[in-house]
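A.B. asks: Give me a model of this one.
(chains A and B)
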There are 2 protein chains.
Amino acid sequence: MAEILKGAPAAAALTEELKARAEALREKGTVPTLAILRVGERPDDLSYERGALKRCEKAGIEVKRFLLPEDVTESELLKTIDMVNADPGIHGCLMFRPLPDKAMEKAACARLLPEKDVDCMTEGSLGGVFTGSGTGYPPCTAEACMELLRFYGISLKGKNVTVIGRSLVIGKPVSMMLQAAHATVTMCHTRTRDMAAVCRNAEILVCAAGHAGLVTKDFIRPGQVVIDVGINVDENGNLCGDVAFEEAAGIAGMITPVPGGVGSVTTAVLAKHVIEAAEKRA
Amino acid sequence: MAEILKGAPAAAALTEELKARAEALREKGTVPTLAILRVGERPDDLSYERGALKRCEKAGIEVKRFLLPEDVTESELLKTIDMVNADPGIHGCLMFRPLPDKAMEKAACARLLPEKDVDCMTEGSLGGVFTGSGTGYPPCTAEACMELLRFYGISLKGKNVTVIGRSLVIGKPVSMMLQAAHATVTMCHTRTRDMAAVCRNAEILVCAAGHAGLVTKDFIRPGQVVIDVGINVDENGNLCGDVAFEEAAGIAGMITPVPGGVGSVTTAVLAKHVIEAAEKRA
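C.D. replies: Numbering: from 1, shown residues only, chains lettered A, B, ... in the order given. As a prediction, this is how the structure comes out:
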């Protein structure tokens, strides 16, 4: 049976470190502050928001919430982002996505100042992940994978890592971050032929497809580290990842659960970005 | 013996198409124009410049050259880029790199308008290659690999492609372009373990390491398509690629020569970007 890599201890360790840094900032007169911008009342957003509020409280970060109705106009939304941009007391901004209106989402993402873009909404931040220039911050979930690997002492240098999924939120950025950590990365997606064989070839497998049960035992080899980034709902209405957990855990060396794995680290990474943004400003 | 994929026919076919588009632009009163900005007199730059001038002439593109001394100051260089930016008659700008001064190079790259950035100097264009947003143009050499594959009818969808090298000029952008064409891409680099085995696993191998003779017969499997992007000088002072050509050609299915392969397509891609930029403006 594989070792279960839970997210909570990694998140707790990171939060402890952030708390000390937040205190140091407060002593210098800076209160690290996150703006949360939510349009409508989607249950997913509300759930993530509760987690973020709790995490920020533990880390010593203030949160200002900007709540807009589902039928907000583009100009109202942009005006809110302009307020966030103009407020020197706000160090980072999380806006829940997707928005109902894609064009509005694009305009809103482009409007945020790069230095407040703590969850990689802007194209400049995404470009920074690709070029390694240090512009902006990577997407929190992608970086949560890296934090989890680091916390459990799993080295990446020279390792064969396969990533399933090529979204801009996880697949593509985590591939570049793994490469920057000197892994040899293979990027799989819906058009990949014999995905099971490609995945079996990997020492570390990062699953970010968003399809429950996609990753069966045929994808797994003994000793493999399996990082499950999928968040899906199964036929019984329960949260599950991309990996058929029971059968994979019978073969792999280490595996993250869903829920309780990567997802538990995401808000801690968000808090880290807010602290970093506040430190840069202070 | 592998089929030799020469660049010249691909470049010639593309140039013919561009010529027709340039004529159409001229009929509408737009003369597609490239600015070449050269600092100093490096032999490599002069050689590429001669090729670019010839290609642009064939494609019906005007070239304006801006030649600056090797000891140019940053403010003079930026002033020149401002002139290029301000001139509505100039559609694209090629600046030879690297410059002697890294900081100056960075400042110059950041100054160029994205819509004139026909060789992916700016971080915005690089970000566009990563996100697929359509901002700017990809690096000419990376796109030359794609043109060559297209010209010889080599499909990419679902193919296992391995890229050696992770530079921002070739390795990283060509990896993203191959992925966008639905290949399953593996990215190798200096820290990759058993690179020969990883490369042998590929149906298409793109070599952009910049090390003569790195890719020996152990990297090649029967039927493989080998794209050699390296430009190196061997012990006899002759141009050569990354691939030990004779031994690889004895095993591979198709292979590009150096010189005469990818490099011959690069200036045609540059010309294509200038025409595209002019068409967007017209």
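
A.B. asks: Name the residue of the stretch 51-200 of chain A with the shortest distance to chain B.
C.D. replies: A:Gly127 (2.4 Å; CB to the nearest CB). Backbone N, C-alpha and C define where each C-beta goes, glycine included.

A.B. asks: any idea which helix is longest in chain A?
C.D. replies: With secondary structure taken from DSSP state H, chain A has its longest helix at helix A:7-27.

A.B. asks: list the buried ones in it?
C.D. replies: A:Gly7, A:Ala10, A:Ala11, A:Leu14, A:Thr15, A:Leu18, A:Lys19, A:Arg21, A:Ala22, A:Leu25 (16 or more other CB atoms under 10 Å in any protein chain shown).

A.B. asks: could you say what helices and strands the helix or strand just after it packs with?
C.D. replies: From helix A:7-27 onward toward the C-terminus, using DSSP states H and E, the following helix or strand is strand A:33-39. Counting contacts by 3 or more CB pairs under 8 Å, 6 or more residues apart in numbering or on different chains; DSSP states H and E, strand A:33-39 packs against helix A:43-59, strand A:62-68, helix A:74-86, strand A:92-95, helix A:263-281.

A.B. asks: contact partners of the first one?
C.D. replies: Under the contact criterion CB atoms under 8 Å, 6 or more residues apart in numbering or on different chains, helix A:43-59 has outside partners A:11, A:15, A:18-19, A:22, A:34, A:36, A:38, A:62-63, A:65, A:94, A:96, A:267-268, A:270-271, A:274-275.

A.B. asks: Out of the buried residues of helix A:7-27, flag the one nearest to A:Ala181.
C.D. replies: The shortest approach to A:Ala181 among the buried residues of helix A:7-27 belongs to A:Ala10, at 16.2 Å (CB to CB).

A.B. asks: Tell me which residues touch the closest one, please.
C.D. replies: Listed by CB under 8 Å, 6+ apart, the contact partners of A:Ala10 are A:Glu147, A:Leu148, A:Phe151, A:Tyr152, A:Ser264, A:Val265, A:Ala268.

A.B. asks: Which positions in chain A make contact with chain B?
C.D. replies: Taking CB under 8 Å from any CB of the partner chain as the measure of proximity, chain A contacts chain B at A:123-124, A:126-131, A:133, A:135, A:157-160, A:166, A:168, A:172, A:175-176, A:179, A:182, A:184-189, A:191-193, A:198, A:201.

A.B. asks: Buried among these? Make that a PyMOL selection.
C.D. replies: For anyone working in PyMOL, the buried entries among the residues of chain A next to chain B, judged by 16+ other CB under 10 Å, can be selected with:
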select buried, chain A and resi 123+124+126+127+128+129+130+131+135+159+160+166+168+172+175+176+179+182+184+185+186+187+188+189+191+192+198+201
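
A.B. asks: Which helix or which strand is home to the most centrally placed residue in chain A?
C.D. replies: In chain A, the residue lying closest to the centroid (CA atoms, centre = their mean) is A:Thr141, at 1.1 Å. With elements delineated by DSSP H and E, A:Thr141 resides in helix A:140-151, which encompasses its position.

A.B. asks: thinking again about what came up before, and whichever strand or helix holds the residue of the stretch 51-200 of chain A closest to chain B, what other elements does it pack with?
C.D. replies: Remark: A:Gly127 resides in helix A:123-131, with elements defined by DSSP H and E. Judged by 3+ CB pairs under 8 Å, 6+ apart, helix A:123-131 is in contact with helix A:171-180, helix B:123-131, helix B:171-180.
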